[in-house]
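Undergrad: coords please:
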Amino acid sequence: MTESPAPRSTTPEAAESAPAPFTAADYRARMARAAESAAEAGLAGVLVAPGPDLTYLTGYRPTAITERLTVLVLVPGGDPVLVVPALEAPDAAKAAGAAAFTVRDWTDAKDPYAVTAPLLDAAGRFGVSDNTWALHLLGLQQALPGTSYASLTEALPMLRAVKDPHELARIAAAGAAADETYGEILKVRFAGRTENDVAADLAALLLGFGHSQVDFTVVGSGPNGANPHHEAGDRTIEHGDMVVLDFGGLKHGYGSDTTRTVHVGEPTAEERRVHDLVREAQQAGFEAVRTGAACQDVDRAARKVITDAGYGEYFIHRTGHGIGVTTHEPPYMIEGEERPVVPGMCFSIEPGIYLPGRFGVRIEDIVTLTEDGTGRRFNNTPREMALVE
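TA: Purely as a prediction, here's the structure:
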């Protein structure tokens, strides 16, 4: 056993072929689909501020998000327009999708909302990206008091949900890198080290295997594992601890997210039973991914296993969430979500049992529905309990 992972200055990433970049045609198709979806939803258009939606639709990621208005305007039947501060215009013009949209800039001496207003129906209802600054939304409302707005999560929740083959390849690469990370972390000593130490190892490994961004490294040892979103802390991991490892980030612009629960030394019979139960629930959720299933069916299948075994009150979160250019996005695998699972949707299946003050267990894979109507996992490391030192 080593105290920490060996440095990985040379990794499989070096030999891995980077995916072909998305083209202006790709972004043009995405923007057209967003405008069409808006019309089908009864919206006059879509307004997209800097953030994951803008990156997904245009390939443009501003270097800084400030109080200056930057907004992509998509209206059915109209050409896409990106309104930007003049100082951003050169960078916007270089964006991968720039050939598919027009740049309209404004200077600090002008009112950006007055510049944007002529592009919008003065009495329309618009979908607005969730991370739009209130400052800008209020500015548009003042310039166009007859308009109204809805968040894109509410109005167009499936905007980014269905991935094309190029996106699926990126998610597969991110999942494989997370799997490599898990394989390496099993070689690391746990007992006597802090959760923060192991979390740092996970982050280094994700970056070593090609991630450009680490979003989270949850290390929940012993009683901390009973908190599903426990952040790694200074608790020293002890022999006899169950340890929840949940980690992920972005590779090639798309997310990874996987969870495995390991044990330091030999587990008790109860710990093995709970772990096996969660593994059975995770498998049931995966088997529910098929043509004709609704998102809630995945949740129901996993939850039934845990509830029937008498642990239902200790499964305290939804079974899954979508993943793509962000690690959490629609669709959600939860009771009441009747939206059908369709080919290309990518989402987690991550049931868990959390016994307060004692330990927790969670097992998570990213999954998609294939064109042949069956599920495909993007994480393929063993789901059986691994024993670590």
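Undergrad: rest of the way, CA atoms for contacts and neighbours
TA: Noted.
Undergrad: contacts for the helix or strand hosting E167?
TA: Following DSSP states H and E, one finds E167 within helix 165-185. By CA atoms under 8 Å, 6 or more residues apart in numbering, the surrounding residues in contact with helix 165-185 are 5, 19, 201-202, 205-206, 209-211, 247-248, 250-258, 324, 344, 366, 378-381.
Undergrad: Tell me which of those fall in strands.
TA: F247, G248, L250, K251, Y254, G255, T258, I366 (DSSP state E).
Undergrad: need these in CSV with distance to L152 and neighbour count, can you?
TA: Listed next are the ones in strands among the contacts of helix 165-185 as CSV, based on distance: CA to CA, whole Å; neighbours: other CA atoms under 10 Å:
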residue, distance to L152, neighbour count
F247, 27, 23
G248, 25, 26
L250, 22, 25
K251, 25, 25
Y254, 20, 24
G255, 20, 28
T258, 26, 25
I366, 23, 27
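Undergrad: Quick check: G124 vs L144, distance?
TA: Noted for G124: a distance of 9 Å to L144, by CA to CA, to the nearest Å.
Undergrad: ok, these two, which is more surrounded?
TA: Each of G124 and L144 has its neighbours counted (other CA atoms under 10 Å); L144 has more, 20 against 15.
Undergrad: show me where the stretch 201-350 of the chain has strands.
TA: 213-221, 242-251, 254-255, 258-264, 320-322, 329-333, 346-349 (DSSP state E, counting those that start in this stretch).
Undergrad: Comparing those strands, which comes out most buried?
TA: strand 346-349 (a mean of 29; mean count of other CA atoms under 10 Å).
Undergrad: and after that strand, which helix or strand comes next?
TA: Immediately after strand 346-349, counting by DSSP H and E, sits strand 352-355.
Undergrad: Restrict that next one to CA atoms and write it as PDB.
TA: Provided in PDB are the C-alpha atoms of strand 352-355 (Å, rounded to 0.1, in the frame of the first residue of the first chain):
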ATOM      1  CA  GLY A 352     -28.300   4.700  -0.700                       C
ATOM      2  CA  ILE A 353     -28.900   3.800   2.900                       C
ATOM      3  CA  TYR A 354     -27.900   6.200   5.700                       C
ATOM      4  CA  LEU A 355     -27.900   5.100   9.300                       C
END
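Undergrad: center of this structure - which residue?
TA: The chain has T327 as the residue nearest its centroid, 1.5 Å off, counting by CA atoms, centre = their mean.
Undergrad: show me what contacts that one?
TA: Here T327 is in contact with D215, G248, G249, L250, Y254, G255, S256, D257 (CA under 8 Å, 6+ apart).
Undergrad: Next, work out how far apart it and L69 are.
TA: In terms of CA to CA, T327 sits 26 Å off from L69.
Undergrad: What of A96?
TA: Using CA to CA, A96 is found at 21 Å from L69.
Undergrad: domain assignment for the protein?
TA: When the chain is parsed with automatic domain parsing, its domains come out as 24-155, 165-388.
Undergrad: Below-threshold pLDDT in the stretch 201-350 of the chain: ranges please.
TA: By pLDDT under 70, the stretch 201-350 of the chain has no low-scoring segment.
Undergrad: Sketch out the helices for it, chain order is fine.
TA: 269-287, 295-308 (DSSP state H, counting those that start in this stretch).
Undergrad: So which of those helices is the most surrounded?
TA: helix 295-308 (a mean of 22).
Undergrad: where's the residue of the chain most remote from its centre relative to P145, distance?
TA: Going by CA atoms, centre = their mean, the residue of the chain most distant from its centre is A109, 38.5 Å out. Distance of A109 to P145, given as CA to CA: 23 Å.
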